[in-house]
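> Model the structure of this input:
(one chain, ligands or ions: 2)
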Amino acid sequence: MAKKITIFDTTLRDGEQAPGASMSVNQKIEMALALERLGVDIIEAGFPISSPVQFEAVNKIGQKVKNSKIAGLSRCTKEDVKAVYEALRDNKNRVLHLFIATSPIHRKYKLKKSKKEIIKTVTETLKYAQNYFNFIEFSPEDATRTELDFLLQILRTALINGATTINIPDTVGYAIPHEFGQFIKKIFEDLKKTKDFTLSIHCHNDLGLAVANSLAAIQSGATQVEVTLNGIGERAGNCALEEVIMSLKVRKDIFDVYTNIKTELLYPTSKLLQHITGFILPRNKPIFGENVFSHESGIHQHGVISKKETYEIMKPETIGRVVETLVMGRHSGRHAFRNKLKQYGISLNKKEFERAFAKFIEIADKKKEVNDEDILSIVSSILGKEANGYKLKYFYVYTGNSLIPSATVKIIKGENEFISASTGDGPVDALFKAIDSALNLKPRLKEYVIQAIGKGKDAQGQVNLTIEIEGKCLNGKAISTDIVEASALAYLRAINRYYWQKMFFKEAKI
Ligand code: KIV
Ligand code: ZN
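Residues are numbered from 1 along each chain as shown. Ligands and ions are numbered 1, 2, ... in the order given. Reported below is the predicted structural model:
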């Protein structure tokens with residue numbers, strides 16, 4: 001029978017420790033509620049003794065989240081344990097996460113404690129903690145660089161004195177999958193003689209092996225995995241929640257386990273975290289990267305058009321994504337071009353198609369990426385129809401921290417001009433509202449991501465957004481040195497798509 005894997009998410013504790021990822025109390029609450037919706041079993045909300053803000057965040061999350069257990073981090077001191085208890089006093093599902101370093105290098109240079117002293121500290125702290133917690137997780141920090149006999153000794157001590165979960169951290173991302181799997185097996189086989197407990201792993205990504213190590217540990221008997229969304233965390237980060245979840249799902253034939261994660265909420269939850277922290281993911285990041293469901297080479301495009309599964313092992317909808325699959329460029333072949341036309345409901349006869357394709361190749365040789373406007377203007381010139389879409393003639397934006405942001409736009413389409421102005425919550429919001437009012441439209445902005453392309457002051461801003469009109473999701477992307485302009489151009493691009501889809505669908509020769 002399939003085994004349940006408990007998902008312990010530490011985005012708000014270990015993840016937040018990453019430089020630049022810190023969040024305000026309200027942001028942490030918003031994220032915790034999103035993790036609860038996602039189906040995370042345990043949310044590590046913070047390290048209460050470390051600061052009043054951390055304490056407040058753990059306390060508020062403990063009050064608001066109902067369906068996930070809430071954990072607080074604690075060193076092996078009574079003061080730390082008390083702080084977690086105070087923060088989570090009213091939460092019946094509170095979890096204490098107690099840790100102490102055990103490896104020789106940490107004992108000598110950081111703790112300055114002997115093995116004996118460490119055992120004594122763990123025993124005393126756990127005895128005290130038992131009075132306040134039903135769920136206690138014990139972590140020997142830097143476990144993978146600790147002598148096995150000492151590690152087993154301290155873990156047995158933890159179990160005898162009240163720990164309910166044993167977590168094995170690969171704190172510095174030192175382990176190698178096969179070795180880690182065997183290590184976990186030895187620990188599991190030894191400790192299960194002492195009492196029933198949950199075996200957990202916590203892997204860091206210094207060698208890019210956090211996910212591989214976690215999967216190896218699951219195969220060796222671990223039933224809890226500690227993760228962060230988007231893999232954020234100290235240095236190279238932690239084991240990425242989405243990568244583990246999708247590995248377990250896509251390769252169910254190997255793992256035969258299940259989790260409570262609602263995979264269709266993965267992408268929106270990742271976007272929320274990116275939005276809150278400003279941590280934008282690289283294009284090739286597994287599962288969430290912009291390129292993950294894009295295919296540019298002709299052979300791949302041909303395969304994907306005939307049958308998606310030729311080059312895609314999961315569906316974007318499974319993780320809640322709406323994506324543009326085919327990137328049109330010089331490697332795209334006739335199949336991809338025909339498919340792109342099909343997306344707009346355009347059907348050309350053989351002669352028209354060959355002329356259009358020749359023009360497309362001509363443009364693709366000059367440009368890195370041929371966008372939909374290019375393709376539609378090729379088609380419109382061949383069909384003799386006007387499909388140039390809305391163009392931004394100019395915009396003005398007034399903004400500041402002591403005035404209500406406002407925007408004015410002039411948009412043109414052929415001979416027609418559309419002018420309007422609006423206020424908004426910020427300059428981009430005001431501009432989008434001005435465009436809506438000029439074009440008499442009410443799109444819903446579903447997604448908006450801004451990313452720096454290049455480095456330093458010369459960087460350009462790239463905006464990627466998705467709007468929804470009449471139940472249709474439309475993407476728009478634009479780059480400019482001015483992020484407000486890039487936003488307007490991306491927005492108009494998505495709106496043009498909507499009209500083009502309508503126009504060509506009705507008017508194209510079928
Ligand atoms: O990486 C680590 O060792 C930790 C512990 C506190 C579990 O984050
Ligand atoms: Zn860690």
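> just the helices in the stretch 151-300 of the chain please.
177-191, 210-219, 241-250, 252-255, 266-277, 298-306 (DSSP state H, counting those that start in this stretch).
> The longest one: which residues count as buried?
Using 16 or more other CB atoms under 10 Å as the burial criterion, the residues of helix 177-191 that qualify are Pro177, Phe180, Gly181, Phe183, Ile184, Lys185, Ile187, Phe188, Leu191. In this view, the C-beta of every residue, glycine as well, is placed from N, C-alpha and C.
> Quick one: name the residues of this structure near ligand 1.
Counting by CB under 6 Å from any ligand atom, the positions of the chain adjacent to ligand 1 are Asp14, Phe99, Ser139, Glu141, Pro169, Thr171, His202, His204.
> where in the stretch 301-450 of the chain is pLDDT low?
322-326, 343-345, 384-388 (pLDDT under 70).
> Apply 90 and report the result again.
When the per-residue scores of the stretch 301-450 of the chain are filtered using pLDDT under 90, the ranges that remain are 301-312, 320-333, 336, 338-349, 352, 359, 362-390, 401, 413-416, 446-450.
> Can you name the residue of it nearest to ligand 1?
Among residues of the stretch 301-450 of the chain, the one nearest ligand 1 by CB to the nearest ligand atom turns out to be Ile319. It sits 26.3 Å away.
> sorry, back to before: could I get the residues of the chain next to ligand 1 as CSV with pLDDT and neighbour count?
Converted to CSV, these look like this (pLDDT from 0 to 100; neighbours: other CB atoms under 10 Å):
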residue, pLDDT, neighbour count
Asp14, 97, 25
Phe99, 98, 21
Ser139, 98, 24
Glu141, 98, 20
Pro169, 98, 22
Thr171, 98, 24
His202, 98, 29
His204, 98, 25
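> Now the helix ranked longest in the chain: buried residues?
Residue-count comparison of every helix in the chain, with assignments taken from DSSP state H, identifies helix 483-507 as the longest. Of the residues in helix 483-507, those scored as buried under the neighbour-count criterion (16+ other CB under 10 Å) are 483-501, 503-504.
> from the chain's centre, how far out does that helix sit?
Taking CA atoms, centre = their mean, to the nearest Å, one finds the center of helix 483-507 at 27 Å from the center of the full chain.
> what helices or strands is that helix leaning on?
Contacts of helix 483-507 with other secondary structure elements, assessed using 3 or more CB pairs under 8 Å, 6 or more residues apart in numbering; DSSP states H and E, are made with helix 372-383, strand 391-398, helix 427-439, strand 444-453, strand 460-469, strand 472-480.
> what angle separates the fourth one from strand 460-469?
Put plainly, it is strand 444-453. Interaxial angle of strand 444-453 relative to strand 460-469 (axes from the mean of the first three to the mean of the last three CA atoms, to 10 degrees): 170 degrees.
> go on, the second one?
Using the same axes, to 10 degrees, the inter-axis angle of strand 391-398 relative to strand 460-469 is 110 degrees.
> Run through the neighbouring helices and strands of strand 391-398.
Looks like strand 391-398 contacts strand 406-413, helix 427-439, helix 483-507 (3+ CB pairs under 8 Å, 6+ apart).
> I'd like those as a markdown table, with distance to Leu273 appended.
Below are the helices and strands packed on strand 391-398 laid out as a markdown table (distance: least, CB to CB, whole Å):
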| stretch | distance to Leu273 |
| --- | --- |
| strand 406-413 | 29 |
| helix 427-439 | 20 |
| helix 483-507 | 21 |
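> So which of these is nearest Leu383?
helix 483-507 (8.6 Å; CB to CB).
> got the angle for the closest one vs strand 444-453?
Using the same axes, to 10 degrees, the direction of helix 483-507 lies 130 degrees away from that of strand 444-453.
> residues contacting Asn161?
Val122, Thr123, Leu126, Lys127, Gln130 (CB atoms under 8 Å, 6 or more residues apart in numbering).
> circling back: ok, which of the helices and strands packed on strand 391-398 comes nearest Val65?
Of all those, helix 427-439 comes closest under CB to CB, at 29.8 Å.
> Can you read off the backbone torsions of Ala421?
According to degrees, to the nearest 10, the main-chain angles of Ala421 amount to phi -140, psi 160.
> That one: neighbour count?
Residue crowding around Ala421 was assessed by other CB atoms under 10 Å; the count is 16.
> same deal with the one 4 residues further on?
The burial count assigned to Asp425 is 10, neighbours taken as other CB under 10 Å.
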